[in-house]
Structures are given as C-alpha cells and as structure tokens.
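Trainee: Based on what follows, work out the 3D shape:
(one chain, ligands or ions: 2)
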Amino acid sequence: MSKLHLAILGVGLIGGAFGMALKNKLGDDIFITGNTRTQKSIDNAERLGAIDKGYLDPIECVKGADIIYLSTPVLQIVPLVEKILPHLKKGAILTDAGSTKSYIARQIMNMLPENIYYVAGHPMTGREKSGVTAANKDLFKNKCYVIVKDTKAPAEVLQKVVDLIKLTEANITTLTLEEHDRCASIISHIPHIVAAGLVNLLDKNPNDLEACITLAGGGFKDTTRIASSNADMWADVCISNAEPIIEHLSQLQAIFSNMITAIAKKDRQTIHDYFVESKTRRDMILEETKDKYDLI
Ligand SMILES: NC(=O)C1=CN([C@@H]2O[C@H](COP(=O)(O)OP(=O)(O)OC[C@H]3O[C@@H](n4cnc5c(N)ncnc54)[C@H](O)[C@@H]3O)[C@@H](O)[C@H]2O)C=CC1
Ligand SMILES: O=C(O)C(=O)Cc1ccc(O)cc1
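Mentor: Residues are numbered from 1 along each chain as shown. Ligands and ions are numbered 1, 2, ... in the order given. From the prediction side, this is the model:
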C-alpha cells in the first residue's frame, strides 16, 4: 500500500497540532505537505515536525494528496476549496477544522464534483494562542472532536476520516450541522464573546483602570483567558454562525436584565437563585464529564 499523503492547508495552531499528532503516530507511513502564507511559518512547521514539506502555493501543496485538512480561519476555507478543487486527485477527501459548520459545509457540498468527498469536523480543543509555534502533538488528546454526520460522504469515506482523527487520541462525537452550530455557540462562541466583554468593561471605566488591574486576581484571570484569542478568527466565527449566536446572546441579555431588576429591587431570593442554579448545573456537568472529557 502506498504512503498516505495528507495536505494541511493552514499550518497554524490546529493544523500544526494535527500534523504533529499524526507524524508522531505514523512516522514514515505518512507524508504531510503543508501550506501557509509565509516562508517563516513553513520553516517553523518543518522544524517542529508538523509537516514534511511546505508550500506557499496551496495548489502545489494538494497535488496527489489523499486527504486535505483545511485549518485556515473560517471565512478563508470555502475560497481555498474553490481554488484547489480542480487540482485534486480522484477520490481525494476534504475535511475541515473550522469552528462553525453549516456556513462552510453547505457551500462545499454545493461545489463538490463527483469523486471528491467532504467530511465536516471540529476539534473542541485549542488555545488562546495562534500559529504553529503554539501547537503540540497532544492538543487533541482526550478532547472532544465533532464529526458531522450529514455531509453526504459515503460510509467508507467517513470511516477513513474517523480512523485518522482517532490517531490524535481525541474523543469523537457525531452531530448534525445544526446541532453542532447551536451547541458550539453556547459552549464556545458565547463564552469567547463574554470573556472579551468582561475585559472591554475595563475600558468603559478608564479612571478606575489602574486600580482594577492591581486588584485583579484568580476570578478575573479564570474568566478572561480566552479574551486573548485571535480577533480575526473570532470575527469570522461570529459572522459565519450569526443566527445561533444572536439567539443565545439575546437569551443572555435577558438573564442579565433580570439580574439588574433583582439587584435594583434588592430581591435577595432571585439573586440567590441565580447563583444556586449555575452552581448546581456546573457541579452536575463536572461530575458527569469527569471521566470523559477534559472540557470544563
Ligand atoms: N484556535 C483554536 O483554539 C481553534 C480553532 N479552530 C478553527 O481552526 C481553524 C484554524 O485556527 P487556528 O489554528 O487557531 O488559527 P492560526 O491562526 O493558528 O492558523 C491559521 C493558519 O491559516 C493560515 N491562513 C490564514 N489565512 C489564509 C489564507 N487565506 N490562505 C491560506 N492560509 C491561510 C495562516 O497562515 C495560519 O497558518 C479556524 O477555522 C478556527 O476556527 C478550531 C478549534 C479550536
Ligand atoms: O482556549 C480554549 O479554551 C478554547 O475554547 C479553544 C477553542 C477555540 C475555538 C474552538 O472552535 C474550539 C476551542
């Protein structure tokens, strides 16, 4: 059997970690080409063992590839697929790591020629840092990796992608496009928006800024780590998953409105219930997931 050729388009944090994990497991049984936009990041990706050979041109990178892993920012994925499609070999499989799914998957499914397949995915792991230099081979280990069921890929194609992802030691979960986008909104997209809002609140109070920073302790740090995430990436996420995000942000706005009213009325019971409800739910989630995922 010939060597598996994997092409990674966007060898940053996620693409880099994927390459490192597979290279670590498969060694010389896999040949990984990678595409990034600068020679410096190609050099880094090669040096760190995420890829065997880097290309500045995505078309050169995918020539002859069996599986193409798309890990650029969300809004770059579809234009990149349009560009590489005519150059893919018969039977090639595309899979992506974008944080939002319907936006990407619906467009790719509409443009796929016969004999080229697509499986949508999303590793529910990452960091607030970007680039291949922030990647490591264990980033996916014991973390949830969503595979979307409804992208019309034949069962054997789906299985090939699942088998490859399993090598990263991620826990695979299958969801529909809509389920993914609603759940990713609640569990990931809204928390990032809220964390950024907490930090931006400081800028609404410039006279107190210095004293606030002196006071900042564990609570502020715990709730705002992800506010250091990449702005380009998160702008793409918000634009491409607008509907669920607007719905959940509106629900959160209503939750906060109720709290404002309760605090203004000194309605201690309602205020108390707010914290009891969240503590009960979070403790329950921690208990239920303690042997399964390292998510919360
Ligand atoms: N950062 C995170 O924690 C997670 C990110 N994701 C998703 O994975 C994807 C990649 O995210 P990261 O690895 O964090 O980003 P990153 O910024 O670390 O890497 C992105 C890579 O894409 C390349 N790139 C950007 N625009 C490009 C273009 N037009 N053409 C070709 N290459 C281009 C960059 O040079 C870089 O190598 C995104 O779609 C993101 O939504 C998914 C799970 C977690
Ligand atoms: O840094 C963290 O804890 C994250 O939440 C990482 C993350 C970012 C984007 C995703 O689509 C999935 C996971």
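Trainee: any low-confidence regions in the protein?
Mentor: 1, 292-296 (pLDDT under 70).
Trainee: Pick out the residue nearest the middle of it.
Mentor: Ser99 (3.9 Å; CA atoms, centre = their mean).
Trainee: isn't that one right next to Val74, touching?
Mentor: Yes. Using CB atoms under 8 Å, Ser99 is in contact with Val74, at 6.2 Å. No exception for glycine: its C-beta is placed from N, CA and C like everyone else's.
Trainee: what do those two both touch?
Mentor: Common neighbours of Ser99 and Val74, using CB atoms under 8 Å, 6 or more residues apart in numbering, are 233, 237.
Trainee: before we move on, back to that, can you give me the distance of the residue nearest to the centre of the chain to ligand 1?
Mentor: Distance from Ser99 to ligand 1, counting by CB to the nearest ligand atom, to the nearest Å: 3 Å.
Trainee: hey, where'd the helices end up in this protein?
Mentor: Here the chain has its helices, by DSSP state H, at 13-26, 39-47, 58-62, 74-84, 102-111, 155-166, 177-184, 190-203, 209-215, 218-224, 231-240, 242-264, 268-289.
Trainee: Tell me which of those is the most buried.
Mentor: helix 13-26 (a mean of 24; mean count of other CB atoms under 10 Å).
Trainee: Please save the CA atoms from it in CSV.
Mentor: Presented in CSV, the C-alpha positions along helix 13-26 are these (Å, rounded to 0.1, in the frame of the first residue of the first chain):
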residue,chain,number,x,y,z
LEU,A,13,-2.2,26.1,15.9
ILE,A,14,-4.8,23.5,14.8
GLY,A,15,-3.3,22.3,11.5
GLY,A,16,0.1,22.2,13.2
ALA,A,17,-1.1,20.1,16.1
PHE,A,18,-2.9,17.7,13.8
GLY,A,19,0.3,17.2,11.7
MET,A,20,2.4,16.7,14.8
ALA,A,21,0.0,14.2,16.3
LEU,A,22,-0.2,12.1,13.1
LYS,A,23,3.6,12.3,12.4
ASN,A,24,4.2,11.2,15.9
LYS,A,25,1.9,8.1,15.4
LEU,A,26,2.6,7.2,11.8
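Trainee: Is that helix positioned near ligand 2?
Mentor: No. Helix 13-26 lies out of reach of ligand 2 by CB under 6 Å from any ligand atom, never closer than 8.5 Å.
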